[in-house]
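**Q** Next comes the sequence, and after it the predicted model I'd like to discuss.
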Amino acid sequence: MAEAVFRGVFALELAGGQAPGKAALSQEAAGELAVGIGRDLARLVDGVAGLDLVLGAAHFDPAEALRPGWSLHRRLEELHARAPGRNSGPRVVAFGAAADGGIPMPLQADPALVGGGLRVLPFVLAGPAEVLGPVAEALEEKLLALGMAQPQTALLAQDGFEARIEHARYFSVHDLAAMMAMQYDNQGLSALWNLVEAALLAPQAVEWLDAGPEPLLRLEGGEARMALFDPAGWCTHYHGGQGDCDRLQRAYELFLARQRQLAAVLEAHGIPVLYVHCDGQQDARALLS
C-alpha cells in the first residue's frame with residue numbers, strides 16, 4: 001500500500017516574544033510531548049490514532065517550515081523511514097536532543113531566525129494513503145478553527161522548553177502558509193509572497209515580481225534572480241533616464257533597502273537570491289531569463 005503523509009506544526013505563541021530557554025527537548029520529554037500531541041489530534045479527528053505520528057521536538061521560525069520541498073518536514077519523513085518498528089502497528093516517534101544535550105543537525109534551527117514571537121514544531125502523520133486521506137482532509141477543515149492544544153499538552157511544551165507560552169495550537173502547513181500570507185500582506189509584501197507560494201506549491205513555475213518601483217525579480221527552479229542596478233542604471237530602468245538622477249539619490253537608497261528586505265525574506269524561506277548586474281541599457285527581463 002502506498003504511504004502518504006500529512007504535514008503540520010505545533011505552534012507556540014510566546015508571551016511578550018520572550019525566547020524559550022531551550023532549543024530542543026530531551027528525548028524523554030520529546031516522547032511525552034508527542035504522546036500529548038497525538039492525544040489532542042485524536043480528540044479532533046477519528047482515525048489519527050491509527051497513523052504514525054512523528055514529531056521533531058525542537059522549535060523553528062515559521063519561515064523554516066515554509067521552504068521549497070517542505071524541507072523541514074522531509075527531514076522528519078527520512079528519520080521516520082529509518083525508525084525501528086515499521087509494520088508493527090501505529091507508532092509515536094519523537095526526536096529530541098542527544099543524551100549529552102547536543103542538538104542533532106536535523107533539529108537545529110536557523111540561528112539567523114531566532115527571536116520571533118511564534119515558534120513551530122514540525123510533525124508528520126504517516127500511513128496508507130487510503131487511511132490517511134480522510135484524516136488529512138478532516139484536519140485541514142478543523143485545525144484552523146478548533147486546533148487549540150489541551151492545557152496539559154501546552155504545559156508540557158512550556159516546561160520542557162522553559163518558555164512562557166500564551167497560546168499553543170495546531171496548524172497544517174497550508175494553514176501556516178495562509179497565516180504568513182496575511183502577515184506579509186499587512187507588511188506590504190503580498191507580491192513577494194506570491195513568489196514564495198509558487199516555490200512551495202508550484203516549484204516548476206516561473207514567476208516574476210515586475211511592478212516598479214519594486215525591485216525586479218524572477219523565480220525559477222527554487223532560485224530567485226534579482227536585477228542589481230547601479231544608480232545610473234536604476235534611473236534609466238525606473239525613470240527612463242528623465243530628470244535629475246542625482247536628485248533621486250535618496251529614492252535609490254530606499255530602493256536598495258527594499259532589495260535587501262526582499263532578499264532577506266526569500267532567504268529565510270530557503271530561496272537563494274542571485275544578483276544579476278543590469279546597466280539599464282539592456283532589457284533587464286532578458287538578462288534575468
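**A** The structure has been received and is ready for your questions.
**Q** Can you tell me how far P68 is from A109?
**A** 18 Å (C-beta to C-beta, to the nearest Å). No exception for glycine: its C-beta is placed from N, CA and C like everyone else's.
**Q** Quick check: which helices or strands does the helix or strand of the chain with the lowest mean pLDDT pack against?
**A** When each helix and strand of the chain is scored by mean pLDDT, DSSP states H and E, helix 231-239 comes last, with a mean of 85. The contact analysis (3 or more C-beta pairs under 8 Å, 6 or more residues apart in numbering; DSSP states H and E) places helix 231-239 against helix 249-268.
**Q** How about residues contacting the following helix or strand past the helix it packs on?
**A** Sequence order places strand 273-278 as the next helix or strand after helix 249-268, per DSSP states H and E. Applying C-beta atoms under 8 Å, 6 or more residues apart in numbering, the contact partners of strand 273-278 are 216, 223-230, 233, 237, 263, 266-267, 284, 287-288.
**Q** before we move on, what about stretch 223-241?
**A** 195, 212-213, 215-219, 243, 245, 248-249, 252, 255, 259, 262-263, 266, 271-281, 284, 287-288.
**Q** got the buried residues for that stretch?
**A** The neighbour-count check on stretch 223-241 (16 or more other C-beta atoms under 10 Å) flags 224-229, 231, 233-239 as buried.
**Q** Tell me the one of those residues nearest Q18?
**A** Among the buried residues of stretch 223-241, A224 lies closest to Q18 (C-beta to C-beta), at 33.1 Å.
**Q** Dump the C-alpha coordinates for the helix or strand hosting the closest one into PDB.
**A** A224 belongs to strand 223-229 when assigned by DSSP H and E. Output of strand 223-229 as PDB, limited to C-alpha atoms (Å, rounded to 0.1, in the frame of the first residue of the first chain):
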ATOM      1  CA  GLU A 223      16.100  30.200  -7.100                       C
ATOM      2  CA  ALA A 224      15.400  34.000  -7.400                       C
ATOM      3  CA  ARG A 225      17.300  36.200  -9.800                       C
ATOM      4  CA  MET A 226      17.300  39.900  -8.800                       C
ATOM      5  CA  ALA A 227      18.300  42.700 -11.000                       C
ATOM      6  CA  LEU A 228      21.100  44.700  -9.500                       C
ATOM      7  CA  PHE A 229      21.300  48.300 -10.800                       C
END
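**Q** Just want the angle from it to helix 249-268.
**A** 170 degrees (axes from the mean of the first three to the mean of the last three C-alpha atoms, to 10 degrees).
**Q** neighbouring strands for strand 223-229, and are they parallel or not?
**A** With DSSP bridges as the test, strand 223-229 is paired with strand 217-220 (antiparallel), strand 273-278 (parallel).
**Q** All set now, cheers.
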